[in-house]
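Peer 1: 3D model of this:
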Amino acid sequence: MEKRKTSKKYSPEVRERAVRMVLEHAKEHASEWEAIGAIAAKIGCTGETLRGWVRQAERDRGLRPGLTSDERDRMKALERENREPRTAPGE
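Peer 2: I've put the predicted structure just below:
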């Protein structure tokens, strides 16, 4: 059986533009979710993917509680470091 890749990588520029479009055009739609759906269809991602990008952008700007992107990256690095086996000096 052939394994299919299910996730696409979007460039940071595409992500930033899509988030900016949602934030700028949300008032033109009946709800934020409607704006997300319309813009997601234009760039070729799912609404849920774009919603996640918007929420993270809001956290990065201090508009929503939670870890910023920098804090998340630092947390991942620390977790990776903790998973690496440690050897005692002289072994």
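
Peer 1: Pass me the low-pLDDT residue ranges in the chain, would you?
Peer 2: Within the chain, the segments meeting pLDDT under 70 span 1-7, 86-91.

Peer 1: residue contacts, the residue nearest the centre of the chain?
Peer 2: The chain has Trp53 as the residue nearest its centroid, 4.1 Å off, counting by Cα atoms, centre = their mean. By Cβ atoms under 8 Å, 6 or more residues apart in numbering, the residues touching Trp53 are Arg15, Ala18, Val19. All C-beta atoms are positioned from the backbone trio N, CA, C, and that covers glycine.

Peer 1: The last one: how many residues sit nearby?
Peer 2: Other residues near Val19 number 20, with proximity taken as other Cβ atoms under 10 Å.

Peer 1: Correct me if wrong: it contacts Val54.
Peer 2: Yes - using Cβ atoms under 8 Å, Val19 makes contact with Val54 at a distance of 5.4 Å.

Peer 1: any idea how far the residue nearest to the centre of the chain is from Val22?
Peer 2: From Trp53 across to Val22, the span is 8 Å (Cβ to Cβ, to the nearest Å).
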